[in-house]
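Asker: Pasted the sequence and its predicted model underneath.
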Amino acid sequence: MKIKYSLMILLSIYSVHSYADADRLDLKKYQASALQHQSLCKQIPQSCETGQDAQLYQVRQQPEQYYLIWDLKLYQLRGQNKQLQLLNQWDFSNDQAKTVTTHWTVDDEPEASDQRFIYPVLFRISAQSYAVALIQRFDEYYSGGMMTEEVADFFELKANAQSKLQFQNIPFSVYRMIRACFSEEDYLKGGDMGCHDEENLILNIHYRQPYTWQMKYHYFRTLSAASDQKPVNQRRSYLLQAPQTKSLQLPAAWHEY
């Protein structure tokens, strides 16, 4: 199976003035030193309790800037004197999506197994601020295949633990694998190329001006030699401006067949 494509983009907000030229802030997983871990646990003790799945990230462009993602909470930190200092924090635990529109998922009502999580990338949304994506993920499994679809709400990160929803119900990513072989002839035809069709939807976000993004989608299918489907390799671009009032409509040919 091919690895699922996914957009990884992260916004950082410490001294946003210093990030004025960065349209996106990339975060990488980071292993804290013993002293950093100790200082982190003093300021955010719950994140260090046994069984808590908290992940610390370092901003690639600014090695002294860090973010901690713990459940649906985001913490902004700064490295200082070999320790970590808490600067700001945001809690999205109560931010339920008003509308979630899926294109590939059969049932668009989230189940207990479906995940909500903060995507580890920061996107520039104005000259002084960034936004973060809160993802609703849907997983489906069926005979010989599976599908993952993600829909995003984007929140602008503000000072004093405040945030503001700017874009909502945005198609974020899709990966689907479908069985393509059903007979002995199909399996022979599939050969080394395999017996599955695969679909990918990839999103790239480009900052244009304050509260205006260019959303560039790339949808493509990789087909088994035994497949009865037609290959697709298409791109679409949408201009998104806040306040957003309408949902993005992806081409029906991408998800209806």
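Answerer: Nice, thanks for sending it over. Numbering: from 1, shown residues only.
Asker: Tell me the spacing between Leu84 and Leu122.
Answerer: Distance check for Leu84 against Leu122: by Cβ to Cβ, to the nearest Å, it reads 18 Å. Where you see a C-beta, it was placed from the backbone N, CA and C, and this is true even at glycine.
Asker: meant to ask about Leu68, not that
Answerer: Distance from Leu68 to Leu122, by Cβ to Cβ: 13 Å.
Asker: With Glu184 instead?
Answerer: Glu184 is 52 Å from Leu122, by Cβ to Cβ.
Asker: Looking at those two, which is more packed in?
Answerer: Neighbour count, other Cβ atoms under 10 Å: between Glu184 and Leu122, Leu122 has more, with 30 against 8.
Asker: Output the below-cut-off pLDDT ranges for the chain.
Answerer: Under the criterion pLDDT under 70, the flagged ranges of the chain are 1-21, 107-114, 193, 257.
Asker: repeat that with 80
Answerer: 1-21, 50-52, 98, 106-114, 191-193, 245, 256-257 (pLDDT under 80).
Asker: Contacts made by stretch 229-242 with the rest, please.
Answerer: 125, 166-167, 170, 180, 197, 208, 211-223, 248, 250-251, 253-254, 257 (Cβ atoms under 8 Å, 6 or more residues apart in numbering).
Asker: List the buried residues in that stretch.
Answerer: Using 16 or more other Cβ atoms under 10 Å as the test for burial, stretch 229-242 gives 240, 242.
Asker: Just the CA coordinates for it, please, in PDB.
Answerer: Extracted as PDB, the C-alpha positions of stretch 229-242 are listed here (Å, rounded to 0.1, in the frame of the first residue of the first chain):
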ATOM      1  CA  GLN A 229     -12.100   2.600 -13.600                       C
ATOM      2  CA  LYS A 230     -10.600   5.500 -15.600                       C
ATOM      3  CA  PRO A 231      -7.400   7.200 -14.400                       C
ATOM      4  CA  VAL A 232      -7.800  10.800 -13.200                       C
ATOM      5  CA  ASN A 233      -5.100  13.400 -12.600                       C
ATOM      6  CA  GLN A 234      -6.600  16.800 -12.100                       C
ATOM      7  CA  ARG A 235      -6.000  20.100 -10.200                       C
ATOM      8  CA  ARG A 236      -8.400  22.800  -9.100                       C
ATOM      9  CA  SER A 237      -7.800  26.100  -7.400                       C
ATOM     10  CA  TYR A 238     -10.200  28.100  -5.200                       C
ATOM     11  CA  LEU A 239      -9.800  31.600  -3.600                       C
ATOM     12  CA  LEU A 240     -10.900  31.600   0.000                       C
ATOM     13  CA  GLN A 241     -11.700  34.900   1.800                       C
ATOM     14  CA  ALA A 242     -12.800  35.500   5.300                       C
END
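Asker: Tell me how far that stretch lies from the chain's centre.
Answerer: 17 Å (Cα atoms, centre = their mean, to the nearest Å).
Asker: repeat for stretch 170-180
Answerer: Centre to centre, stretch against its chain (Cα atoms, centre = their mean), the figure for stretch 170-180 is 14 Å.
Asker: Quick one: classify Gly191 as helix, strand or coil.
Answerer: helix (DSSP: H, G, I helix; E, B strand; the rest coil).
Asker: Good, wrapping up.
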